[in-house]
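Colleague: here is my input; please provide its structure:
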Amino acid sequence: MASTAFLKSLQKGQILKAKVEEVTSPTSALCNFQGELLLIANQTGKSLQVGDPITLQVISVNPLQFEIFNSRKFERVI
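Modeller: Got it, this is the predicted structure:
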């Protein structure tokens, strides 16, 4: 899972690229951020597939929340 240093380094507005490593349910996926793994909730209504590249923007650091870049739906870390 993601290291404390990685989580503390995230800043609001930051844009990150990740790859879907595992789809754990229709509404959650394990994503790889250059070796740092985070389980995210997918609230977009779009299905994610293993290997899909995604670009996320940090919209909040406490609680940690992402938005798919150029999307209106939020991705929330669980």
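Colleague: would you map the strands across this structure?
Modeller: Assigned by DSSP state E, the chain shows strands spanning 15-25, 28-33, 36-42, 53-61, 64-68, 74-77.
Colleague: and these as JSON lines, adding mean pLDDT and distance to residue 4?
Modeller: In this view, the C-beta of every residue, glycine as well, is placed from N, C-alpha and C. Listed next are the strands of the chain as JSON lines, based on pLDDT from 0 to 100; distance: least, C-beta to C-beta, whole Å:
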{"stretch": "strand 15-25", "mean pLDDT": "96", "distance to residue 4": "17"}
{"stretch": "strand 28-33", "mean pLDDT": "95", "distance to residue 4": "14"}
{"stretch": "strand 36-42", "mean pLDDT": "93", "distance to residue 4": "11"}
{"stretch": "strand 53-61", "mean pLDDT": "93", "distance to residue 4": "13"}
{"stretch": "strand 64-68", "mean pLDDT": "89", "distance to residue 4": "12"}
{"stretch": "strand 74-77", "mean pLDDT": "54", "distance to residue 4": "14"}
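Colleague: which of these sits closest to residue 3?
Modeller: strand 36-42 (6.3 Å; C-beta to C-beta).
Colleague: excluding chain neighbours, give the residue nearest to residue 2 in space.
Modeller: In space, and not counting its chain neighbours, residue 2 is closest to residue 36: 4.3 Å by C-beta to C-beta, 6 or more residues apart in numbering.
Colleague: bridging residues for the one you found?
Modeller: residue 33 (DSSP bridges).
Colleague: most centrally placed residue in the protein?
Modeller: With distances taken as C-alpha atoms, centre = their mean, the residue of the chain nearest its centroid is residue 40 (5.2 Å).
Colleague: and residue 53, what does it touch?
Modeller: Residues near residue 53 by C-beta atoms under 8 Å, 6 or more residues apart in numbering: 17-20.
Colleague: same deal with residue 8?
Modeller: With C-beta under 8 Å, 6+ apart as the criterion, no residue contacts residue 8.
Colleague: what's the pLDDT at it?
Modeller: On the pLDDT scale, residue 8 is placed at 94.
Colleague: could you report the distance from it to residue 47?
Modeller: Noted for residue 8: a distance of 31 Å to residue 47, by C-beta to C-beta, to the nearest Å.
Colleague: sweet, I'm off.
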